[in-house]
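1. kindly return the folded structure for what I paste below:
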Amino acid sequence: MNKLISTIMLCAVSLAISAQKVTSPNGNLKAEMTGQKLVINYKNQKALELADIPFSNLSFVRKVKDDYQMLEGKRLHCTNNANEYQAPIGSNAKIVMRLYNDGIAFRYEYTGLQDSKVPEEHTTYLIPEGMKRWMQQWSDGYEGFFPLSTTAEVKTLGGFGGAMEQKTINTHWGYPLLLEVRGESVFALITEANIERRQSASSLFNQGEKFSVRQDQNDLKLSGDWHTPWRVVIIGTLADIVQSTLVTDVSEPSKLADVSWIKPGVVSWIYWANNHGSNDYNIIRKYVDMAVTLKLPYVLIDAEWDEMDKLASNEGKTIEDAVKYAISKGIKPLIWYNSSIGWVNGAPGPKYRLNKPEDREKEFAWCEKIGVAGVKIDFFSGDNQTNMDYCQDLLESAARHHLLVNFHGAPIPRGWQRTYPNLLSTEGVYGAEWYNNVPHFTKKAASHNATLPYTRNVIGPMDYTPCAFSDSQHPHITSLAHELALTVLFESGLQHLADRPESFLAQPQQVQDFLGQLPTVWDETRFVSGYPGESAVLARRSGNTWYVAGINGKDDPQTLATDLSFIGKKWKNIQMFVDDASGQWQISSTKQRPSEMVCQPRGGFVLVIR
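-> As a prediction, this is how the structure comes out:
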């Protein structure tokens with residue numbers, strides 16, 4: 001059966017698309033067949049091509065309209081419209097394609113499978129040499145840079161955290177992949193969404209200009225109906241890319257009847273400054289006390305808490321004592337687990353407590369009983385089907401016990417933040433944790449930070465662990481205001497603050513107050529200005545307050561445009577956090593809305609408009 005499907009897909013004759021126009025609801029996106037290529041046009045000019053198309057004669061199916069609420073993300077109230085089309089692929093398969101106003105989504109659907117292997121996929125994007133692109137070399141934890149390039153011939157980065165260049169040419173790429181398809185006016189971002197049971201995730205492999213979607217390992221034998229995840233391409237201006245909710249638009253809605261217990265928030269986090277501090281009861285107390293002072297709702301007790309009773313200075317204290325202390329102070333504790341399917345040997349614990357269903361239920365029931373509010377689960381094994389199912393097992397079990405979830409050492413988000421709303425953040429990013437590991441992040445961080453709003457953070461919450469005013473094992477050279485801006489610029493339902501208590505509590509009171517009032521839930525997000533790797537300015541609204549954050553990704557001063565006319569003219573005051581030339585805080589209030597902001601090298605700013 002699998003062989004027959006592959007043969008049909010490869011040999012299908014591409015005919016001209018039917019006379020009916022294949023368009024998005026607003027007409028900006030149109031699809032047309034040219035030979036065996038599917039050309040996606042944006043405002044009547046080519047934006048993207050798909051090669052080796054295994055179908056023809058797309059026919060209209062229906063209009064798609066969706067209106068839903070999120071608990072975190074770029075906006076709480078999401079709406080979308082699409083025109084849905086389909087085309088047969090042989091006798092028991094078809095492609096379903098939707099054209100939204102801000103992109104396309106398509107998937108392959110199969111019926112009547114009988115003990116079949118996963119059908120081979122033939123989705124291929126054509127990315128011509130010379131086209132600007134920001135691509136991440138694939139790794140199972142998706143922790144890499146998105147360097148600007150105009151070619152697929154990029155040297156593979158090797159060593160710990162990509163610290164050394166090797167001579168081999170990389171051909172394996174992780175999502176998302178950002179393309180500048182026409183000048184600086186039109187972009188396309190390639191990713192996928194809606195991983196379900198019996199599916200693996202996918203990634204991109206290239207041969208020259210052909211970038212093919214290849215599903216990760218899936219050893220299941222399939223019977224009955226089955227479909228792939230959605231292949232997603234967001235298309236439009238940088239504002240369209242940054243503001244898009246297409247990944248969640250095509251993902252399954254949540255089936256949770258009660259979500260009242262799911263509360264996003266800011267987290268006091270031990271690991272960045274104290275890698276092994278979560279086995280020390282007295283260090284945990286310091287971070288709980290900091291959360292109290294800054295008025296943060298959460299504290300995360302990281303790896304090795306299961307060894308707390310082995311430390312003599314703890315005088316027999318255990319994780320239950322630490323949890324009890326946090327709760328007594330009004331702080332909700334989160335605790336860490338090793339998934340025990342990725343890095344196990346030599347890795348920290350606790351281990352093997354979540355793998356078997358009965359063990360997982362017992363552990364999460366214990367967490368719920370003692371007052372733990374959520375779990376951070378680390379060290380997964382990549383995009384394979386077994387890993388995808390395991391993640392969903394964890395999310396469903398955690399929800400039964402009213403536990404928030406943060407996945408670390410994990411693949412990127414692909415829409416589960418809608419399907420499983422207790423998943424409030426995912427790492428899958430090269431973040432501030434890397435100041436612990438390698439020296440080269442110091443010089444690359446500013447440009448990398450100015451790339452993430454256009455790439456990784458577009459597709460879902462990102463636990464970058466921002467806002468480090470002091471240094472870890474390796475120093476940072478981004479400014480104070482740059483670091484503060486990251487707390488707004490980077491969206492995450494659980495926003496873990498990286499720095500140590502002594503550093504946060506040494507900041508001006510206005511900075512401490514800002515962190516204590518920082519939302520992690522946004523009613524609206526607007527792109528203001530910027531360009532990948534150079535700068536980024538975003539505005540996010542929480543209730544009647546707008547937070548505008550900008551960073552300079554360059555080593556030279558920049559003046560960043562801040563056209564905020566969309567906010568209107570009714571506001572009481574604007575609080576400004578900026579850097580001066582000596583690197584010190586400049587904090588002031590004004591009633592005049594700035595049209596531009598001067599940023600120091602690797603600097604930044606935050607405006608709070610009430």
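2. where along the stretch 451-600 of the chain do the strands fall?
-> 494-497, 524-531, 535-542, 545-552, 558-561, 574-579, 585-590, 596-599 (DSSP state E, counting those that start in this stretch).
3. now the angle from the second one to strand 535-542?
-> Using axes from the mean of the first three to the mean of the last three C-alpha atoms, to 10 degrees, the direction of strand 524-531 lies 170 degrees away from that of strand 535-542.
4. can you give the strand pairings for strand 524-531, parallel or anti for each?
-> Strand pairing for strand 524-531, determined by DSSP bridges: strand 535-542 (antiparallel).
5. who touches the partner strand?
-> By C-beta atoms under 8 Å, 6 or more residues apart in numbering, the residues outside strand 535-542 that reach it are 74, 242, 449-450, 453-454, 488-489, 491, 519, 521-530, 546-554, 558, 560-562, 564, 566-567, 597, 599. Where you see a C-beta, it was placed from the backbone N, CA and C, and this is true even at glycine.
6. out of those, which are buried?
-> 74, 242, 449-450, 453-454, 488-489, 491, 519, 521-523, 525-530, 546-554, 558, 560, 562, 564, 597, 599 (16 or more other C-beta atoms under 10 Å).
7. hmm, what's the outermost residue in the protein?
-> residue 315 (40.6 Å; C-alpha atoms, centre = their mean).
8. distance of residue 210 from residue 122?
-> 11 Å (C-beta to C-beta, to the nearest Å).
9. these two: who's more crowded?
-> For residue 210 versus residue 122, neighbours defined as other C-beta atoms under 10 Å are more numerous around residue 122 (19 against 15).
10. just the element for that one, please.
-> Under the criterion DSSP states H and E, no helix or strand holds residue 122.
11. how much space between it and residue 145?
-> Counting by C-beta to C-beta - residue 122 and residue 145 are separated by 30 Å.
12. try residue 533
-> Taken as C-beta to C-beta, the span from residue 533 to residue 145 is 10 Å.
13. and if you look at residue 392?
-> Residue 392 is 29 Å from residue 145, by C-beta to C-beta.
14. which one of the two has more residues nearby?
-> residue 145 (23 against 17).
15. does that one really touch residue 445, like I thought?
-> No. Using C-beta atoms under 8 Å, residue 145 makes no contact with residue 445, being 10.0 Å away.
16. contacts only, for the closest residue to residue 245 other than its chain neighbours.
-> Excluding the flanking residues, the one nearest residue 245 by C-beta to C-beta, 6 or more residues apart in numbering is residue 78, at 4.9 Å. Residue 78 is in contact with 66-70, 245, 248-249, counting by C-beta under 8 Å, 6+ apart.
17. would a markdown table of the strands of the stretch 451-600 of the chain with mean pLDDT and distance to residue 177 be doable?
-> Below are the strands of the stretch 451-600 of the chain laid out as a markdown table (pLDDT from 0 to 100; distance: least, C-beta to C-beta, whole Å):
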| stretch | mean pLDDT | distance to residue 177 |
| --- | --- | --- |
| strand 494-497 | 98 | 26 |
| strand 524-531 | 98 | 17 |
| strand 535-542 | 98 | 18 |
| strand 545-552 | 98 | 22 |
| strand 558-561 | 98 | 26 |
| strand 574-579 | 97 | 33 |
| strand 585-590 | 96 | 38 |
| strand 596-599 | 96 | 28 |
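18. quick one, which of those is nearest to residue 130?
-> Nearest to residue 130 among those is strand 524-531; the distance by C-beta to C-beta comes to 18.3 Å.
19. buried ones in whichever helix or strand residue 203 is part of?
-> Taking DSSP H and E as the definition, residue 203 sits inside strand 202-207. Residues of strand 202-207 classed as buried by neighbour count (16+ other C-beta under 10 Å): 202-204, 206.
20. repeat for stretch 252-267
-> Buried, per 16+ other C-beta under 10 Å, within stretch 252-267: 254, 256, 262-267.
21. looking at these, which is nearest residue 507?
-> Distances from residue 507 to the buried residues of stretch 252-267, taken by C-beta to C-beta, are shortest for residue 266, at 14.7 Å.
22. returning to what we had before: make a markdown table from the buried residues of strand 202-207 and add distance to residue 61 to it.
-> Supplementary listing: the buried residues of strand 202-207 in a markdown table, determined by distance: C-beta to C-beta, whole Å:
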| residue | distance to residue 61 |
| --- | --- |
| 202 | 24 |
| 203 | 29 |
| 204 | 28 |
| 206 | 32 |
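23. can you name every helix or strand that the longest strand anywhere in the chain contacts?
-> Using DSSP state E, we find that the single longest strand of the chain is strand 103-116. Secondary-structure packing of strand 103-116 (3 or more C-beta pairs under 8 Å, 6 or more residues apart in numbering; DSSP states H and E): helix 2-11, strand 29-34, strand 93-100, strand 186-193, strand 222-227, strand 230-236, helix 246-249.
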